[in-house]
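The sequence isn't on hand, but the structure is:
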């Protein structure tokens, strides 16, 4: 008898538990737009993953504080991937169906992006990779569901080459120069190689490839090679602890930091803070924005989110480079929903398929950006069905020992170089996968 | 009471030698397989398929392969991840380079390539043993990691080093929905597990076990160590290679060498140790423990926190996940050093006496 009673209690408890878990979701479907967030707050890449996630969530909170998107509130849920591809896929599968379905997904890892690229067309969920992912996915005709908004690695590498050409006094001066690429040995780090080799052919400079194995704390051999070969410039394509290790090694080998240029994932506070003065003069690409403590949107976040005790991370980090990256990534997704609502009904829930239309027709002119509080932070973004990047502007910023400040004017990735490469690579992908590229007529649907 | 073989008389050699001599076992396994094929598809949702069951099936197969080598033949290997990678990349190359290559053929040829590579990297086992062999097989891991990252031919010159496959179909059936992927993996796993079960009961399996228990004595009674050890490496690598090809083709769809890093090798070895060395059943237990438990912890902890009104942050959850997972490993190794499979067989022993234990 006793056992039966125990059983009954256990069963009812279990029922209550599962019931309690599922019911609110059913209620929640109607007036919410769900944003799944794949993050890594632990592991070797956490120093960079955490501020990104905080920025992303703070912007969603800010949007909710301002009344949501035409009255639709944003629901969001985090899932820890640890930067591992299989856990990332698990997180995606876990979150994609919750709260009435994911609006879009931002993997924040090139490895996970590759895996989700295969799954997105089946699930009809756009994959937004603001500033990362596979460069050829800019071609929306082939990669219908990938959105490398406001920057790809090819574009980034192109801007860096333009910058040093300007420093040297013209592209013809690059002849015979040596550029070393110190990169994270993963799809992420390998992305810029194709562009650099293309540019090397055009201008006659020499590219040296120096891979660094995950997680990137072992770089003695790499920097020994740099000391022997004395490259004129070092490009750094690192992430997480690899960045600060590289800068420390440069300091140890005496390689001038002024000649080092990082990609936009190698140019934030966690990368240089520990090295402090030693990193002085180190440059990095700014994916439009840098550290923006004075932007209006940051003041809004501080006032309406952190001011009410609802901030996600430490207050001091609000407005730092990676925080801004997360915030802008969230903003692009929110604006995609807003755009989609313009067509499919204001104040309505947007599906993944409708979201794709919104992202493909994103048109953030300077006035809109200023109204959102992004004045001076970024330039206009306009996407189309065939161009999923939408903007190719970038700047260079430099660490002065205490903070990042801009050290160059705006550059734009050279379409004449990028476009043929994108078309070639995406064409190859389409052949391999037997994808029929979308025509302009298909886009109107 | 129910689980007792009293009265089941064997009247022929055939009956005496079948895989599951006890009728209840036979029935149980048949029911389990039937349930996996017919029942499960009605019960679980897409998330369960894609995120839990498919990885579980594939890693069970890999762990089964490792168990054949480590558990049955006693040769410790830390190169299992590399053999998975060989299976996946070889399968990929067969698929894209050979015209009209069927997917199943590519996957099996991936396994065959892994077997060939396994034989080569198994050669040191003829001279070194134990931990030294573990270190020697680690060389396979580093070599293949390097090869797939550096040699562009393997990745069909893809600019990022990542490869992908799509439009899988097997005998005209498209393998794209979660259910079809699940059934495909399950079929491969069932066929290969039955083969393994038979293999370890046959001459070859007995030779492996003799080598494992005492190789000098085995040599004295006429077992050739070279033949036994290398076949163990070949068969084990074949299983692991097929699992690797499935992992790439069916589960991930697009992968890079990092998917088969040294972490994967350790993971597979842990599965075998926790599940039970020298037990087919143990391979499944180990895989379940390592694949499902972390995901389960990751999801249950926030719910648990919510009951007590505490909101646990993502980072804390993931720290707790690692801590609990680690302590459970230590707990099981202390309480049951022979793995979860031993718990299973102890349970079966108890069941035989139930309800009248002496």
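Happy to help now that I have it. These numbers were taken from a predicted model, which means no experiment stands behind them.

what does the stretch 151-300 of chain A put close to chain B?
Counting by CB under 8 Å from any CB of the partner chain, the stretch 151-300 of chain A comes close to chain B at A:185, A:186, A:187, A:188, A:190, A:191, A:193, A:194, A:211, A:214. Every residue, glycine included, has its C-beta placed from N, CA and C.

Show me what counts as buried in the helix or strand encompassing the fifth one.
Pointing back at residue A:190 there. In this assignment (DSSP states H and E), residue A:190 forms part of helix A:187-203. Buried residues in helix A:187-203, counted by 16 or more other CB atoms under 10 Å in any protein chain shown: A:187-196, A:198-200, A:203.

Pick out whichever of those residues sits closest to residue B:44.
Distance to residue B:44, by CB to CB, is smallest for residue A:187 among those, at 31.6 Å.

Below-threshold pLDDT in the chain: ranges please.
Looking at chain A here, since you left the chain open. Filtered on pLDDT under 70, chain A yields the residue ranges A:1-30, A:445.

Please refer instead to chain B.
Using pLDDT under 70, chain B drops low at B:1, B:358.

Show me which residues of it are close to chain A?
So far as CB under 8 Å from any CB goes, chain B lies against chain A at B:45-47, B:50-52, B:55, B:96, B:149, B:159-162, B:164, B:166-167, B:176, B:251-256, B:258-259, B:261, B:295, B:298-299, B:303, B:313-315, B:317-319.

Which ones among these map onto helices?
B:46-47, B:55, B:96, B:149, B:295, B:298-299, B:303, B:314-315, B:317-319 (DSSP state H).

ranges for the strands of chain A?
Using DSSP state E, the strands of chain A run over A:32-39, A:73-80, A:127-128, A:146-147, A:178-184, A:206-212, A:233-237, A:260-262, A:283-286, A:363-364, A:381-382, A:393-399, A:404-406, A:411-412.

Okay, now the sheet partners of the second one, with direction.
It stands for strand A:73-80. strand A:32-39 (parallel) (DSSP bridges).

ok, the closest residue to chain B within the stretch 301-445 of chain A - how many residues close by?
Scanning the stretch 301-445 of chain A for the residue nearest chain B gives residue A:433, at 4.8 Å (criterion: CB to the nearest CB). Look at residue A:433: counted by other CB atoms under 10 Å in any protein chain shown, it has 15 neighbours.

gap between it and residue B:282?
40 Å (CB to CB, to the nearest Å).

picking that back up, neighbour-wise, give me the winner out of the ones in helices among the residues of chain B next to chain A.
Most surrounded of those: other CB under 10 Å gives residue B:318, at 26 neighbours.

got a list of what the residue of the stretch 1-150 of chain B found nearest chain A touches?
Across the stretch 1-150 of chain B, the shortest distance to chain A (CB to the nearest CB) belongs to residue B:51, at 4.1 Å. Residues near residue B:51 by CB atoms under 8 Å, 6 or more residues apart in numbering or on different chains: A:89, A:90, A:93, A:94, B:295.

switch to 6 Å and redo it
Contacts here follow CB atoms under 6 Å, 6 or more residues apart in numbering or on different chains; on that basis residue B:51 touches A:90, A:93.

Smallest gap between the stretch 101-250 of chain B and chain A, at which residue?
For the stretch 101-250 of chain B, CB to the nearest CB, closest residue to chain A: residue B:160, 3.8 Å.

That residue - how many residues pack around it?
Residue B:160, neighbours per other CB under 10 Å, totals 25.

what do you get for the one 4 residues further on?
When neighbours are counted by other CB under 10 Å, residue B:164 registers 20.

Specify the local secondary structure of the residue of chain B positioned farthest from its centre.
The C-alpha centroid of chain B is most remote from residue B:309, which lies 39.7 Å away (CA atoms, centre = their mean). At residue B:309, secondary structure determined by DSSP: H, G, I helix; E, B strand; the rest coil is coil.
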